[in-house]
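S.K.: I would like the atomic coordinates for the input below:
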Amino acid sequence: MKLLTTLLLLTLLVAEDSVVISWQTDTVHEFGDLLQDEPATVVFKFKNISGQPVVIESVRPTCGCTAPDWDFTPIPPDSTGQLAITFDAKKTGFFSKKVKVFFSGQRKAERLYIEGFVE
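M.R.: Next up, the predicted model:
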């Protein structure tokens, strides 16, 4: 019985850690030079490579200057979805920001990066 319980738990852990999406765009976006106080947006696209519908459960930017926008509806298997990230460009100088994206069925967050220079 202990062996069966252990195998079941291991199976659940492995299934939870499996990758459910494939990025269709680069996960690092270079905005280049931006003008101060003019927000800039990039759209990251992904494909559901699992056999189940996938939902973006949570998006966590590293600061308040970065705002995510996404559709809350499930993405069917072999279909694509997208996530828009807007940077507010209020402070001048170089910036590099990380955004963590959590998908259903995948414990480990996907990481996206945006960078550039605000003039």
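
S.K.: show me where the protein has strands.
M.R.: Shown for the chain, the strands assigned by DSSP state E span residues 21-23, 28-34, 40-48, 56-61, 66-70, 80-87, 93-103, 110-118.

S.K.: partners of the shortest one in the sheet?
M.R.: Right, the one you point to is strand 21-23. Strands that pair with strand 21-23, judged by DSSP bridges, come out as strand 40-48 (antiparallel).

S.K.: what angle do the strand it pairs with and strand 80-87 make?
M.R.: Inter-element angle recorded for strand 40-48 and strand 80-87: 160 degrees (by axes from the mean of the first three to the mean of the last three CA atoms, to 10 degrees).

S.K.: now do the buried residues in strand 40-48.
M.R.: For strand 40-48, a neighbour-count test (16 or more other CB atoms under 10 Å) marks Ala40, Val42, Phe44, Phe46, Lys47, Asn48 as buried. In short, each C-beta sits where N, CA and C put it, glycine included.

S.K.: how far off strand 56-61 does that strand point, in degrees?
M.R.: Going by the same axes, to 10 degrees, strand 40-48 makes 150 degrees with strand 56-61.

S.K.: low-confidence ranges in this protein?
M.R.: Applying pLDDT under 70 to the chain flags residues 1-17.

S.K.: same thing but 90
M.R.: Applying pLDDT under 90 to the chain flags residues 1-18.

S.K.: report the central residue of it.
M.R.: Val101 (3.1 Å; CA atoms, centre = their mean).

S.K.: bridging residues for it?
M.R.: With DSSP bridges as the rule, Val101 is bridged to Val59, Glu110.

S.K.: same check on Phe95?
M.R.: Gly116.

S.K.: tally of neighbours for Ile21?
M.R.: Using other CB atoms under 10 Å, the number of residues around Ile21 comes to 20.

S.K.: same question for Glu30.
M.R.: Residues lying near Glu30 (other CB under 10 Å) number 12.

S.K.: ok, it - contacts?
M.R.: By CB atoms under 8 Å, 6 or more residues apart in numbering, Glu30 lies in contact with Glu115, Gly116.
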